[in-house]
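J.: can you look at this prediction? I've put the sequence above it.
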Amino acid sequence: MNLTALNQKFGIGEQIIFSTGEGGLPVAIIRNQYATAIISLYGAHVLSYIPSGEKELLWMSTKSLFKEGKAIRGGIPLCFPWFGKHLTDPSLPQHGFARLSMWEVAETATMGNGASQISLQLHQSADTKALWPYAFSAIVTVTVGETLELKLKVLNTDEEDFTYSDALHTYLNISNINNTSIEGFYKTPYYDGFGDTPTVQQDKVLTIAKEENRRYVEHSADCIVTDNGYNRKIRVSKTGSKVTVVWNPWIETTKTMGDMAADGYQTFVCVEAANSYDDVVTLKPFEEFTITTTIALEQS
Ligand code: TA6
């Protein structure tokens, strides 16, 4: 990756600088009046978002690998063109190839209100066609301002229809899972783990005290994550998605994960906007679809 060329073409003063990140992977570092953020070109992966004067909003594993061919553990992994295991071939990479691909910079901009924006793009290649046989154009746009907005737009450039699933797999940074609760799922049906019978949540507030892998369906409401240790609330909102996943691996599953410290599960919860289950996306040639998630500190 030629960082000099990237900075000449897409750098914006001190606001957007391309640099070498952990593991030698290229990153865009964004600094403006609202926040500091780091976006990895590998995976179109938001690694960090720190609103000015606040603590980090995104969790990153202290043991994450930063290595091509491996997924980064933390931040906002982008799952596309499938979420979870591949439906027919479990030997294909979990959560698709988007998070394992190097993305190109398409555009950078300063918005009227001083927020900064970067767009990254990925198209089909021999490598992607070996895993998913379609022509596509995917654009990820990250807007760093008073909130963090992540948008994935997928355009079908093939001659055939295609169907995909996806997720914006946000790891939120929390003081401790024992201090944390989530609102936004009251009376919402969810699949527990990999079960196939939905349960309806009867509690107004979700607290986590064991492994949770809840896949809420028919869900488009905002979630509020209340962290009584950091004394803050994080609002997670979304568009273009009817599935929200809440995941925490807890003690035993964490032990099976080589890229997470034994106590890693204590300081994050994933709240993910997804298109999955009954909400997968089918596009005809020339059609496009967009999913967004927005992460914001609630002002008190
Ligand atoms: O979104 C939850 C989930 O699908 C879990 O089932 C768990 O596997 C997690 O994602 C992490 O997946 P990864 O492939 O990044 O280890």
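T.: On my side now, so go ahead. Residues are numbered from 1 along each chain as shown.
J.: any idea whether Pro81 is helix, strand or coil?
T.: The three-state label given to Pro81 by DSSP: H, G, I helix; E, B strand; the rest coil is coil.
J.: now it, nearest residue through space, not along the chain?
T.: Nearest residue to Pro81 in three dimensions, chain neighbours excluded: Tyr164, at 3.8 Å (CB to CB, 6 or more residues apart in numbering). Where you see a C-beta, it was placed from the backbone N, CA and C, and this is true even at glycine.
J.: contacts only, for that neighbour.
T.: For Tyr164, the contact set (CB atoms under 8 Å, 6 or more residues apart in numbering) comprises 80-82, 132, 154, 275, 280-281, 283.
J.: for Phe194, report the pLDDT, please.
T.: For Phe194, the pLDDT comes out at 73.
J.: over to Gln33?
T.: pLDDT recorded at Gln33 is 98.
J.: repeat for Ser300
T.: The model reports Ser300 with a pLDDT of 65.
J.: what about the closest residue to the ligand within the stretch 201-300 of the chain, distance to Ile17?
T.: Closest contact between the stretch 201-300 of the chain and the ligand, by CB to the nearest ligand atom, is at Trp247 (3.8 Å). Here the criterion is CB to CB, to the nearest Å. By it, Trp247 lies 33 Å from Ile17.
J.: and Ile182, by the same measure?
T.: Ile182 is 35 Å from Ile17, by CB to CB.
J.: so the two - more neighbours on which side?
T.: A count of neighbours by other CB atoms under 10 Å puts Ile182 above the other of Ile182 and Ile17, at 22 against 17.
J.: can you name the residues bridging to that one?
T.: Going by DSSP bridges, Ile182 is paired in beta bridges with Leu206, Val225.
J.: you'd agree it is up against Cys223?
T.: Yes: the pair Ile182 and Cys223 qualifies as a contact (CB atoms under 8 Å) at a distance of 5.6 Å.
J.: intersection of neighbour lists for these two?
T.: Val271.
J.: can you show me the helices along this structure?
T.: 3-10, 126-131, 250-255 (DSSP state H).
J.: so how far is the first one from its chain's centroid?
T.: In terms of CA atoms, centre = their mean, to the nearest Å, the centre of helix 3-10 is found 26 Å from the chain centre.
J.: list the buried ones in stretch 210-228?
T.: Using 16 or more other CB atoms under 10 Å as the test for burial, stretch 210-228 gives 212-217, 219-220, 223-227.
J.: enumerate the residues of this structure near the ligand.
T.: When proximity is defined as CB under 6 Å from any ligand atom, the chain approaches the ligand at 71, 84, 94-95, 169, 213, 245, 247, 270, 272.
J.: drop anything exposed from those residues.
T.: Here, 16+ other CB under 10 Å leaves 71, 84, 95, 169, 213, 245, 247, 270, 272 buried among these.
J.: possible to save those as CSV with pLDDT?
T.: CSV is the format used below for those (pLDDT from 0 to 100):
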residue, pLDDT
Ala71, 98
Gly84, 95
His95, 98
His169, 98
Asn213, 96
Val245, 98
Trp247, 98
Cys270, 98
Glu272, 98
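J.: just the ones in strands from those, please.
T.: 213, 245, 247, 270, 272 (DSSP state E).
J.: dump those residues to CSV, plus distance to Ser48.
T.: Shown next, in CSV, are these (distance: CB to CB, whole Å):
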residue, distance to Ser48
Asn213, 25
Val245, 22
Trp247, 20
Cys270, 16
Glu272, 18
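J.: of all the residues you listed, which comes closest to Leu120?
T.: Using CB to CB, Glu272 is the member of those that lies nearest Leu120, at 19.3 Å.
J.: please list all residues in contact with the closest residue to Ser237 other than its chain neighbours.
T.: The shortest distance from Ser237 to any non-neighbouring residue, by CB to CB, 6+ apart, is to Asp222 (4.4 Å). Asp222 is in contact with 184, 235-237, counting by CB under 8 Å, 6+ apart.
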